[in-house]
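Visitor: give me a 3D structure for the following:
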Amino acid sequence: MNGWMGKIIRINLSEGRHFLESLDPLMARNFIGGRGLASKILFDEIDPAVDPISPENKLIFATGPLTGAGAAASRFMVVTKGYLTGAIACSNSGGNFGPELKFAGYDLIIFEGKAKEPVYLLIEDDHIEIRPASFLWGKVIPETVGLIKQELKESLGKTDWEAREFRVACIGPAGENLSRIAAVVTDDERHAARSGVGAVMGSKNLKAVVVKGSQSINIDKHDQLKNTLFLLWEKLKEAKSTGYNLPTYGTSAGVSFYNECGIMPTHNFKYGVFDHAAKINGEEMKKKIVKGSFGCFSCPIRCGKITEVKEEGKVWKGMGPEYETLALMGASCEVDDLAAIAKANYLCDEFGVDTISAGGTIACAMELSERDYLPEEDIGFKLTFGDGEALVKLVEMICKNEGFGKVLAEGGYRLAEKYGHPEFFMGVKKQEFPGYDPRGVKGMGVAYATSNRGACHLRGLTSLSELVGIPEKVDPLTCEGKALLAINFQNFASVIDSSGMCIFAFRGIWQDGTMEALLNAVTGVGFDSAEMLKAGERIWNLERLFNLKAGLTKKTDTLPKRLLEEPSPRGPAKGHVVELDKMLIEYYELRGWDQDGVPTEEKISELGL
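Guide: Coordinates of the predicted model:
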């Protein structure tokens with residue numbers, strides 16, 4: 001096979017054994033790889049009603065055919081039934097781990113069962129070994145990575161340089177403690193963070209996956225790939241975001257832009273404008289804490305920012321914070337202390353916690369406290385919006401599973417339910433919103449509500465059209481045409497996630513033939529645009545069918561009351577709510593689903609499901 005390596009590793013953790021399987025070429029074509037292929041395997045092999053942290057749930061690491069092929073594609077997916085949501089989970093990460101798995105000769109790893117004691121998986125080309133990891137249990141991410149590489153030097157006789165070439169994806173104490181907002185983190189400090197995938201990994205006593213490969217990926221048409229990549233790089237360089245903003249500021253460049261658009265979530269999504277955004281924006285980060293840049297495998301954008309905070313004789317170092325962290329831990333909590341946000345972010349990186357869910361949960365706690373629904377004695381101290389010191393303290397409590405942190409580690413939905421006011425949870429399907437208030441960008445409203453993995457901007461990035469003009473500019477404050485817009489973006493995002501490409505290349509590949517040109521140059525399969533998008537639609541519908549079997553219904557395709565009934569009080573979206581009902585009816589019809597949001601038999605047959 002070209003693009004795909006053609007092999008799957010199946011790990012039975014309960015028995016301590018592994019098996020090799022061949023990848024079905026027809027299934028690969030129909031579901032592309034990555035998100036699509038792993039979702040298909042999960043759907044076929046588990047009961048969607050299973051307890052997410054039971055041994056019966058499966059955890060899948062999956063790459064796409066473009067992963068590692070030099071196509072700005074470094075992504076791998078962690079797919080499972082999510083512990084936070086109870087829905088299908090597919091969490092995306094970049095860095096170097098995904099390409100390294102391909103170089104070792106494998107497309108996917110399927111983890112089954114539960115190890116009796118903590119273990120980690122070692123893969124070096126055809127050498128596959130399940131190793132004891134009790135010495136790693138309880139260790140934070142940097143220490144885990146360091147200890148693993150030290151052991152590889154000692155047990156395998158590797159030099160320092162050889163050991164450094166191994167790539168690690170692991171969980172921290174949050175995953176071990178089964179925090180519902182726990183992430184899987186790579187040694188590049190990239191995260192598969194959403195939906196509680198780290199807790200599923202922890203429930204299996206699986207501390208880490210370590211991989212090193214020496215193989216090459218077979219490319220069908222090298223010249224075509226080279227030429228297509230050249231054109232893609234030119235497009236990305238010409239675009240303001242990928243040519244200047246992201247390389248210069250990273251995703252923090254979005255702070256000023258989204259604030260000006262009136263969609264910066266502030267005070268737990270009460271407002272869409274943060275008066276102190278200038279204190280935490282990209283320019284302020286670059287001036288005060290950024291020390292360098294980092295790029296994922298084969299990516300020229302280099303959006304990752306290496307940062308440092310010096311305070312009280314201590315130096316804090318790490319990656320980020322990214323835009324989403326600045327939005328949720330900053331604006332939504334009304335914290336304008338950049339150092340405090342950075343420190344909270346570093347703690348999440350060390351312990352393996354999703355910063356979006358952590359920030360959204362703390363903002364929810366702040367509002368509950370503000371309204372006297374959450375007693376101060378439960379928290380242990382007074383909690384108010386804007387308190388950066390409290391933000392850091394609460395994040396540390398979440399990370400260490402201490403005190404009130406145990407409650408927050410359950411996520412915002414369960415926090416709000418516990419204190420009798422679910423209306424102050426800002427999210428969908430029990431997952432916290434990212435940093436975009438849909439009252440000011442209404443396509444995101446229907447995209448959020450229908451997202452298969454819960455609240456997510458990357459599953460249907462309609463804001464690209466509504467705010468930036470890709471593929472064309474539409475009015476962000478109307479709901480007309482937004483159901484179809486959301487569907488188109490959702491289907492295309494399914495293709496991108498399954499291919500292994502980064503979503504930031506979106507502006508260079510949307511509707512101009514570039515995406516299928518890349519897939520065809522690498523795989524030689526011969527996708528046309530219609531077939532490629534049909535694969536995306538197939539993946540989306542498969543995920544929907546999984547969720548229906550897991551117990552989710554039309555009732556979970558909704559938004560918080562605040563966004564449906566409380567008009568945005570300030571900014572460009574002043575006076576607007578999300579008119580979801582109208583968009584949802586149209587969405588179901590265009591999807592070929594019935595009025596309850598269930599794919600019809602005709603649609604299932606059309607997609608070969």
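
Visitor: point out where the stretch 501-609 of the chain drops to low pLDDT.
Guide: Within the stretch 501-609 of the chain, the segments meeting pLDDT under 70 span 507-508, 510-511.

Visitor: quick one: the helices in it?
Guide: With helices called from DSSP state H, counting those that start in this stretch, the stretch 501-609 of the chain shows them at 506-509, 514-523, 529-550, 561-565, 580-591, 601-606.

Visitor: over to the stretch 51-200 of the chain?
Guide: Going by DSSP H, counting those that start in this stretch, the stretch 51-200 of the chain shows helices at 97-103, 141-156, 160-164, 173-176, 197-203.

Visitor: now distance to Tyr258 and mean neighbour count too, for the helices of the stretch 501-609 of the chain, in a markdown table please.
Guide: C-beta coordinates here come from the backbone N, C-alpha and C atoms, glycine included. Below are the helices of the stretch 501-609 of the chain laid out as a markdown table (distance: least, C-beta to C-beta, whole Å; neighbours: other C-beta atoms under 10 Å):
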| stretch | distance to Tyr258 | mean neighbour count |
| --- | --- | --- |
| helix 506-509 | 17 | 22 |
| helix 514-523 | 26 | 24 |
| helix 529-550 | 26 | 20 |
| helix 561-565 | 16 | 16 |
| helix 580-591 | 21 | 18 |
| helix 601-606 | 35 | 13 |
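
Visitor: would TSV of those helices with distance to Cys456 be doable?
Guide: Output for those, formatted as TSV (distance: least, C-beta to C-beta, whole Å):
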stretch	distance to Cys456
helix 506-509	15
helix 514-523	20
helix 529-550	12
helix 561-565	15
helix 580-591	16
helix 601-606	23
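
Visitor: ok, which of those comes nearest Glu151?
Guide: helix 514-523 (35.3 Å; C-beta to C-beta).

Visitor: tilt between the closest one and helix 529-550?
Guide: For helix 514-523 against helix 529-550, the angle by axes from the mean of the first three to the mean of the last three C-alpha atoms, to 10 degrees is 90 degrees.

Visitor: what about helix 514-523, distance to the chain center?
Guide: Distance of helix 514-523 from its chain centroid, counting by C-alpha atoms, centre = their mean, to the nearest Å, is 24 Å.

Visitor: where does the nearest residue to Val79 once chain neighbours are set aside fall, secondary structure wise?
Guide: Leaving aside its sequence neighbours, Val79 sits nearest to Ala38 (C-beta to C-beta, 6 or more residues apart in numbering; 3.7 Å). Assigned by DSSP states H and E, Ala38 falls within helix 34-45.

Visitor: CA atoms of that helix as CSV?
Guide: Extracted C-alpha coordinates of helix 34-45, given in CSV (Å, rounded to 0.1, in the frame of the first residue of the first chain):
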residue,chain,number,x,y,z
GLY,A,34,-7.0,8.3,11.4
ARG,A,35,-10.3,9.4,12.8
GLY,A,36,-12.5,7.6,10.2
LEU,A,37,-10.8,4.2,10.3
ALA,A,38,-10.5,4.2,14.1
SER,A,39,-14.1,5.2,14.6
LYS,A,40,-15.2,2.4,12.2
ILE,A,41,-13.1,-0.2,14.2
LEU,A,42,-14.5,1.1,17.5
PHE,A,43,-18.1,1.0,16.2
ASP,A,44,-17.6,-2.6,15.0
GLU,A,45,-15.8,-3.9,18.1
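
Visitor: buried ones in it?
Guide: Gly34, Arg35, Gly36, Leu37, Ala38, Ser39, Lys40, Ile41, Leu42, Phe43 (16 or more other C-beta atoms under 10 Å).

Visitor: hmm, back to that, tell me which of the helices of the stretch 501-609 of the chain lies nearest to Phe424.
Guide: Closest among the helices of the stretch 501-609 of the chain, once you apply C-beta to C-beta, is helix 561-565, at 8.0 Å.

Visitor: what residues does the closest one touch?
Guide: Phe269, Lys270, Glu423, Met426, Asp437, Pro438, Arg439, Gly445, Thr558, Val577, Val578, Leu580 (C-beta atoms under 8 Å, 6 or more residues apart in numbering).

Visitor: what about the fifth one, how many neighbours?
Guide: A count of neighbours around Asp437, defined by other C-beta atoms under 10 Å, yields 32.

Visitor: still on that earlier bit, out of the helices of the stretch 51-200 of the chain, flag the one nearest His276.
Guide: That would be, of the helices of the stretch 51-200 of the chain and by C-beta to C-beta, helix 173-176, which comes in at 29.1 Å.

Visitor: quick one: average confidence on the closest one?
Guide: Across helix 173-176, the average pLDDT comes to 98.

Visitor: that older thread, the helix holding Ala38 - contacts with which helices or strands?
Guide: On a contact count with 3 or more C-beta pairs under 8 Å, 6 or more residues apart in numbering; DSSP states H and E, helix 34-45 meets helix 25-31, strand 59-63, strand 76-81, strand 88-93, strand 108-112, helix 482-499, helix 529-550.

Visitor: hang on, the earlier thing: pretty sure the residue nearest to Val79 sits against Cys90.
Guide: Yes - taking C-beta atoms under 8 Å as the definition, Ala38 is a contact partner of Cys90 at 7.1 Å.

Visitor: just send the helices and strands packed on helix 34-45 back as JSON lines, with distance to Tyr588 too.
Guide: As requested, the helices and strands packed on helix 34-45 are arranged in JSON lines below (distance: least, C-beta to C-beta, whole Å):
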{"stretch": "helix 25-31", "distance to Tyr588": "23"}
{"stretch": "strand 59-63", "distance to Tyr588": "29"}
{"stretch": "strand 76-81", "distance to Tyr588": "24"}
{"stretch": "strand 88-93", "distance to Tyr588": "19"}
{"stretch": "strand 108-112", "distance to Tyr588": "32"}
{"stretch": "helix 482-499", "distance to Tyr588": "9"}
{"stretch": "helix 529-550", "distance to Tyr588": "11"}
